[in-house]
Each structure stands twice: as C-alpha cells, then as structure tokens.
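# Just need the structure, nothing else, for what follows:
(one chain, ligands or ions: 1)
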Amino acid sequence: MENRPLISVEGLARCFGETGQPAVFEDIWFGVDKGEFCCLIGHSGCGKTTILNVLAGLDSPSGGAVIVDNREIDGPSLDRAVIFQGHALLPWMTVMGNIAFAVSSRWPKWDRAKVQEHARKFIELVGLAGAESKRPAQLSGGMKQRVGIARALSIQPKMLLMDEPFSALDALTRGMLQDEVLRICADTQQTVFMITHDVDEAILLADKIVLMTNGPGARIAEIVVNTMPKNERHRNDLHRHPQYYAIRNHLVEFLVNRSKAFDKEIAEHGFDPRRPKLVKPGLSAVNPPAEIVPLTTGRRQ
Ligand SMILES: Nc1ncnc2c1ncn2[C@@H]1O[C@H](COP(=O)(O)OP(=O)(O)OP(=O)(O)O)[C@@H](O)[C@H]1O
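The predicted model follows:
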C-alpha cells in the first residue's frame with residue numbers, strides 16, 4: 001500500500017458560478033503528515049478559505065478530492081475541528097457550557113461529570129481556569145479565542161483547521177496565543193492546517209509552508225520546509241536563528257514577486273502540479289515526495 005499522508009489533497013479544483021467560469025484554483029496537490037503543522041500562504045482571493053472549507057467538509061470541490069486517513073471527505077466530521085477568526089461561541093452558554101457542548105457531541109454516552117472533567121482539562125490547558133462560568137460577552141477577544149481553541153482541542157480531532165485564528169487580536173495577545181498553540185500542538189502531536197497572512201507567524205508555528213499563487217487558476221507553487229526545529233523556535237528571538245532570514249526572504253520574495261508571475265516560471269522551468277517542489281531556504285532543494293495515485297471514487301473527475 002502506498003504511503004499516503006494523513007491529509008492528502010489530490011487534484012482539487014473549485015469553480016463558482018456558471019459553467020465556463022475560470023476556477024479559483026485548480027490541480028491542487030499537497031499532503032499533511034500526522035503530527036505536522038502546515039500553514040497555507042497566498043494572496044487574498046486565491047482560495048485559501050475555500051480549501052479549508054473543503055477540508056472541513058463544509059464545501060465540495062468542483063474537481064479532485066481530499067483523502068483523510070485513506071477515506072474521501074464527503075461532509076463535516078468531529079474528526080476535523082475548525083477554529084475561525086471570529087470564535088463562533090454560543091453566546092448564551094458559559095465557557096464550560098460551550099466546551100462541554102462540544103465534548104458531549106463527541107462522546108454522547110458520557111455523563112455530565114465526565115464531560116465536565118474532560119472539558120476542565122482543556123480550559124486549564126488554554127489558561128482559562130477560573131473563567132468557567134463566564135459568558136462570551138464577559139470575555140476579552142483573546143479569552144474568547146482561547147475558548148475556541150479549547151473547544152476545538154477538547155474533541156481530540158484528527159486534524160485542527162485554523163483560518164487566520166489570531167488576526168483579530170492585538171499584538172500582545174496574538175503573541176501569547178501563538179506561543180500557547182505552539183506548545184500545545186507540540187505536546188499533543190496535533191495535526192494542524194492553518195491559513196495565515198503573517199509570514200513570521202508561519203515561521204514560528206509551521207513545520208512546512210504551502211505557497212499558493214494568485215488566482216484565478218491558483219496553484220501550489222512550492223512547499224517550504226521550515227528548517228528551524230520546533231524546539232528552536234521562540235517568538236522573541238526568532239530573528240536571531242541562523243535560518244530565519246533565509247526562510248523569511250524566500251516567503252516574502254514569493255508573495256511580492258513570484259506569486260503573480262508563476263506562469264512565467266512554469267514556461268521557463270516546467271512544473272508538475274502533483275509534486276510541488278520542496279524547498280529548504282538556506283539549504284539545498286530536496287526531492288519532491290513520491291507521486292500519489294488518486295483513489296478512484298467515480299464520484300468526481
Ligand atoms: N460561495 C461563493 N460563491 C461565489 N464565489 C465565492 C464563494 N466563496 C468564495 N468565492 C470566491 O472565491 C475566491 C476565493 O475566496 P477565498 O475566500 O477562498 O479566498 P482567500 O484566499 O481565503 O481570501 P482571503 O485571504 O481574502 O481570505 C474569491 O474570489 C471569492 O469571491
């Protein structure tokens with residue numbers, strides 16, 4: 001049996017509107033391994049949120065498929081938890097109520113005491129002990145986002161999907177939450193797919209950064225491997241790491257110049273969308289992963 005990553009995005013395309021409209025993105029191929037933290041970066045409108053929605057099972061692609069654990073996604077599942085930019089909490093419920101609600105959806109047979117005990121562990125994990133009985137209106141933006149993170153983690157999903165989860169927060173709160181997410185995901189070996197516009201956030205959190213060209217017809221241009229090991233990534237001295245500027249300059253150069261002129265690169269150097277190049281800025285390029293043979297579902301072409 002071939003070695004498929006936990007999440008395998010295979011030939012994904014999405015068109016909106018009438019037939020004949022150009023695809024927002026097409027022929028998107030990449031994988032996320034178990035325990036890996038993957039960030040997706042690209043300009044506004046290239047289709048990042050649409051890809052995340054497909055991964056969440058909230059949208060259907062016009063072509064291709066997403067395979068998780070060797071099964072094609074065909075709808076939402078508690079195996080995949082989403083953290084949105086706006087935390088989407090239930091305003092009439094307390095912190096405990098919001099998290100317990102998710103926990104009891106996941107394990108409907110658990111009694112109230114077991115649900116609350118489990119929920120409390122995650123409330124503590126995100127530093128909200130003592131705020132269990134507060135309602136969302138009584139919380140700051142950062143605290144609400146912590147509840148969203150605790151709720152998503154509490155159902156112990158196979159994968160965590162995050163759409164710019166920190167972008168609405170002030171810089172100080174954003175930094176603190178980034179540190180916590182980095183620690184929690186490393187401790188729990190959580191598989192994460194996250195969209196961000198913030199290059200430094202991607203360098204701090206991601207094991208690999210998937211670069212998307214501009215739409216319409218957006219593609220995965222390449223995949224940047226974060227050559228800074230997780231345990232050497234610290235927000236306050238990220239810029240002192242010997243690999244930092246090589247990675248940062250590579251990402252910024254892509255966003256400023258290459259993302260809009262990728263067709264020219266294709267014409268000059270060729271391009272295999274099934275095997276986007278793996279790049280290690282500051283080190284040499286490495287071979288792309290082995291090609292994945294798509295599962296034939298017969299459902300979509
Ligand atoms: N339901 C929809 N109906 C029609 N068009 C849509 C729909 N959802 C998204 N689009 C279009 O698809 C394109 C990609 O949208 P998407 O939100 O996925 O981009 P994005 O890369 O996440 O952008 P941003 O970084 O600004 O959030 C946009 O042009 C958007 O208008």
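# Beyond the lowest-mean-pLDDT helix or strand in the chain, next helix or strand please.
The element with the least model confidence among the helices and strands of the chain, by mean pLDDT, DSSP states H and E, is helix 262-269, at a mean of 83. The helix or strand immediately downstream of helix 262-269 is strand 277-279, counting by DSSP states H and E.
# and that following strand, what does it pack onto?
The helices and strands touching strand 277-279, judged by 3 or more Cβ pairs under 8 Å, 6 or more residues apart in numbering; DSSP states H and E, are strand 220-225. Glycine gets a C-beta too; all of them are placed from N, C-alpha and C.
# Go through the following helix or strand past the strand it packs on and flag the buried ones.
Per DSSP H and E, strand 220-225 leads on to helix 244-256 as the next helix or strand towards the C-terminus. In terms of neighbour count (16 or more other Cβ atoms under 10 Å), helix 244-256 has its buried residues at Y244, A246, I247, R248, H250, L251, F254, L255.
# again, but for stretch 194-214
Neighbour-count burial for stretch 194-214, counted by 16+ other Cβ under 10 Å, picks out 194-196, 198-214.
# what distance separates the start and the end of that stretch?
When the termini of stretch 194-214 are compared using Cα to Cα, to the nearest Å, they are 18 Å apart.
# swap in stretch 130-137?
Between the opening and closing residues of stretch 130-137 there is a gap of 16 Å (Cα to Cα).
# for it, the distance to its chain's centre please.
Distance, stretch centre to chain centre, for stretch 130-137: 27 Å (Cα atoms, centre = their mean, to the nearest Å).
# what sits up against it?
When contacts are taken as Cβ atoms under 8 Å, 6 or more residues apart in numbering, the neighbours of stretch 130-137 outside the stretch itself are 87, 89-96, 98, 120, 123, 139, 143-144, 147.
# Who wins on neighbours among those residues?
Top of the contacts of stretch 130-137 by neighbour number is V95, holding 27 neighbours under the definition other Cβ atoms under 10 Å.
# give the contact list for that residue.
Contacts were defined as Cβ under 8 Å, 6+ apart; by that measure V95 touches I123, L128, A131, E132, S133, K134, R135, L139, V147.
# So which of the buried residues of stretch 194-214 sit within helices?
In helices, defined here by DSSP state H, the members of the buried residues of stretch 194-214 are V199, D200, E201, A202, I203, L204, L205.
# Name the nearest residue to the second one, sequence neighbours excluded.
By the measure of Cβ to Cβ, 6 or more residues apart in numbering, the closest residue to D200 outside its immediate chain neighbours is L238, 6.6 Å from it.
# distance of that neighbour from S167?
Using Cβ to Cβ, to the nearest Å, one obtains 19 Å as the distance from L238 to S167.
# what's the answer for W29, then?
In this structure, W29 lies at 27 Å from S167, with Cβ to Cβ as the measure.
# returning to that earlier point: going by neighbour count, list what's buried in the least confident helix or strand of the chain.
Using 16+ other Cβ under 10 Å as the burial criterion, the residues of helix 262-269 that qualify are F262.
# List the contacts of it.
When contacts are taken as Cβ under 8 Å, 6+ apart, the neighbours of helix 262-269 outside the stretch itself are T213, N214, R219, A221, R258, F271.
# So what angle separates the directions of that helix and helix 244-256?
Relative orientation of helix 262-269 and helix 244-256, computed by axes from the mean of the first three to the mean of the last three Cα atoms, to 10 degrees: 110 degrees.
# starting at the chain centroid, how far to helix 262-269?
Its chain's average C-alpha position is 27 Å from that of helix 262-269, according to Cα atoms, centre = their mean.
# Also stretch 118-130?
Distance, centroid of stretch 118-130 to centroid of chain: 23 Å (Cα atoms, centre = their mean).
# mean confidence score for that stretch?
Mean pLDDT, stretch 118-130: 92.
# So what's the residue count around D237?
Residues contacting D237 under the criterion other Cβ under 10 Å number 10.
# Then F166?
Applying the criterion other Cβ under 10 Å, we find 24 residues in the vicinity of F166.
# Out of W29 and S167, name the residue with the larger neighbour count.
Remark: of W29 and S167, W29 carries more neighbours, 22 against 13, as counted by other Cβ under 10 Å.
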